[in-house]
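> Provided below for reference: sequence and predicted model.
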Amino acid sequence: MGTGQLIGSGRSADVFAIDRDWVLRRYRNGDDATVEAEVMAYLAERGYPVPRVRAPEAAEAGVATAGDLVLRRLRGPSMLVALGRGTVGAEEAGATLGALLNTLHAIPARLSTDPAVRVLHLDLHPDNVMLTPAGPMVIDWCNSEEGPPGLDWAMSALILAQVAVGPMAEAAVARAVLPSLLRRIAPSVRWGNAEAGCLAEARARRAADPAMSEAETGLLDDAVRLVLTHTPPSASG
């Protein structure tokens, strides 16, 4: 049951309107979003552009569960929609994604005391960036973990590359966004190569993702090769 009109659906969750300012996001399989909310609150406190999260209020108690996310409603298109409309170009999109990754990785980890570990989004791509009047906002933190920044970069690059080498209508745009993104990779980021390191781990994670079809996983080898053609020498170390 939702608290209002269904206004959006992804692979695993639905978003319902609460009022003009707030929405409720609920996983269809009943997953608990408590940790996701904690990560988003931590990042928001440090100035990172994520939607504000709050606990359900009394009026919503009958329909919102402890595992739901109540989020500030965002106005504006996703970066993916803007790319399709031509209101944002591939170079700008790649630069924005790169800046969002670098800014995220400048924030100390929430739990780990290892100075090399950071909060990772692990699914940062154009459909998870909303272009609001206040600037880009990053959504969908359900895959978030703590770890090396190279893994976050590798996941974003592979997601784009899989689209770029596939049959989707967005392939040409993804192929143009990818090199723009990788030109922004921080000199300190390392992701190794196809056999070892963060890029190999990202490939393994994508291959094991139950939400991906066999056709999608079949694109991974070509996607890795495309990523490597645009990998800065510093990242492959």
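Sure thing, it's come through.
> what pairs with the lowest-mean-pLDDT helix or strand in the chain, parallel or antiparallel?
With mean pLDDT, DSSP states H and E as the measure, the helix or strand of the chain carrying the lowest mean pLDDT is strand 6-9 (a mean of 76). Applying DSSP bridges, strand 6-9 is found paired with strand 13-17 (antiparallel).
> skip ahead from the partner strand and say which helix or strand is next.
Under the assignment DSSP states H and E, the closest C-terminal helix or strand after strand 13-17 is strand 22-27.
> hang on, L219 packs against P167?
No: proximity of L219 to P167 does not meet the contact threshold set by Cβ atoms under 8 Å, at 9.2 Å. In this view, the C-beta of every residue, glycine as well, is placed from N, C-alpha and C.
> what comes up buried for stretch 145-158?
When burial is assessed from 16 or more other Cβ atoms under 10 Å, stretch 145-158 yields the following buried residues: 147-158.
> gap between it and the chain center?
Remark: stretch 145-158 is offset 10 Å from the chain centroid, using Cα atoms, centre = their mean, to the nearest Å.
> with stretch 155-174 instead?
Between the centre of stretch 155-174 and the centre of its chain there are 15 Å (Cα atoms, centre = their mean).
> can you start the count at 28 instead of 1 from here on
Renumbered: residue one is now 28, and that last one reads stretch 182-201.
> which residues touch it?
Counting by Cβ atoms under 8 Å, 6 or more residues apart in numbering, the neighbours of stretch 182-201 from elsewhere in the structure are 107, 110-111, 117, 124, 128, 147, 149-152, 202, 204-205, 208-209, 226, 229-230, 232-233, 242-243, 246-247, 249-251, 253-254, 257.
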